[in-house]
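Trainee: give me a 3D structure for the following:
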Amino acid sequence: MSSIEKLILLVEDNEDDVFFLKRALKEAKLSLPLQVLEDGQQALDYLSGTGPYADRTLHPLPHLIFLDLKLPYIEGFELLAWMRDNPALKDTPVAILTSSPEDRDQERAKELNAKTYLVKPPTAKMVLDAITF
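Mentor: A predicted model of the protein is given here:
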């Protein structure tokens with residue numbers, strides 16, 4: 001498997017949280033390609049291969065998605081539900097990365113078959129636990 005096949009997609013609208021995930025990846029000694037999208041609509045376009053993301057050689061499907069819940073345009077759970085209804089994406093591992101420790105959010109993530117539920121900020125251990133190759 002080439003490294004491009006191990007692309008990580010981060011859907012996060014907060015620059016500080018993007019920084020924290022990049023730092024956690026570095027501390028975990030993982031140098032995988034990372035694509036950052038700032039809102040749920042961009043993520044939907046990327047995952048469906050539409051608009052500026054139509055070329056799959058430039059924008060391959062990710063190996064793992066770190067997904068914030070509170071996003072502009074399309075919220076995280078709405079995007080995750082759409083993915084689970086899409087045959088090409090239903091098995092894509094998704095790690096919820098959120099500031100919400102709410103039980104109801106954790107239950108909803110479990111219902112939508114999220115791989116893991118992480119409360120920000122991410123640590124190297126959290127990232128390593130989420131990434132399995």
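Trainee: if you average pLDDT over the longest helix that the chain contains, what comes out?
Mentor: Longest helix of the chain, by residue count under DSSP state H: helix 15-27. Across helix 15-27, the average pLDDT comes to 97.
Trainee: tell me which residues in that helix are buried?
Mentor: Under the neighbour-count criterion of 16 or more other C-beta atoms under 10 Å, helix 15-27 has Asp17, Val18, Phe20, Leu21, Ala24, Leu25 buried. Heads up, the C-betas are built off the backbone N, CA and C, glycines and all.
Trainee: and those residues, which is closest to Leu69?
Mentor: Asp17 (11.7 Å; C-beta to C-beta).
Trainee: any idea how far Leu7 is from the closest one?
Mentor: 19 Å (C-beta to C-beta, to the nearest Å).
Trainee: so the residue nearest to Tyr73 when sequence neighbours are not counted is in which element?
Mentor: Using C-beta to C-beta, 6 or more residues apart in numbering and skipping residues adjacent in sequence, the residue nearest Tyr73 is Gln41, 4.0 Å away. Using DSSP states H and E, Gln41 maps to helix 40-48.
Trainee: which strands and helices sit next to that helix?
Mentor: strand 8-11, strand 34-37, helix 76-84 (3 or more C-beta pairs under 8 Å, 6 or more residues apart in numbering; DSSP states H and E).
Trainee: tell me what angle the longest one forms with helix 40-48.
Mentor: Between helix 76-84 and helix 40-48, the angle comes out at 20 degrees (axes from the mean of the first three to the mean of the last three C-alpha atoms, to 10 degrees).
Trainee: what's the following helix or strand after helix 76-84?
Mentor: Next along from helix 76-84, by DSSP H and E: strand 94-98.
Trainee: list the strands paired with that following strand, with their directions.
Mentor: strand 64-67 (parallel), strand 116-119 (parallel) (DSSP bridges).
Trainee: which helix or strand lies directly C-terminal to it?
Mentor: That would be, after strand 94-98 and using DSSP H and E, helix 103-111.
Trainee: C-alpha coordinates for that next one, PDB please?
Mentor: In PDB, the C-alpha atoms belonging to helix 103-111 read as follows (Å, rounded to 0.1, in the frame of the first residue of the first chain):
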ATOM      1  CA  ASP A 103     -22.900  10.900  26.300                       C
ATOM      2  CA  ARG A 104     -25.600  11.500  23.700                       C
ATOM      3  CA  ASP A 105     -23.000  12.500  21.200                       C
ATOM      4  CA  GLN A 106     -20.900   9.400  22.000                       C
ATOM      5  CA  GLU A 107     -24.000   7.200  21.600                       C
ATOM      6  CA  ARG A 108     -24.800   8.800  18.300                       C
ATOM      7  CA  ALA A 109     -21.200   8.200  17.100                       C
ATOM      8  CA  LYS A 110     -21.500   4.600  18.100                       C
ATOM      9  CA  GLU A 111     -24.900   4.200  16.200                       C
END
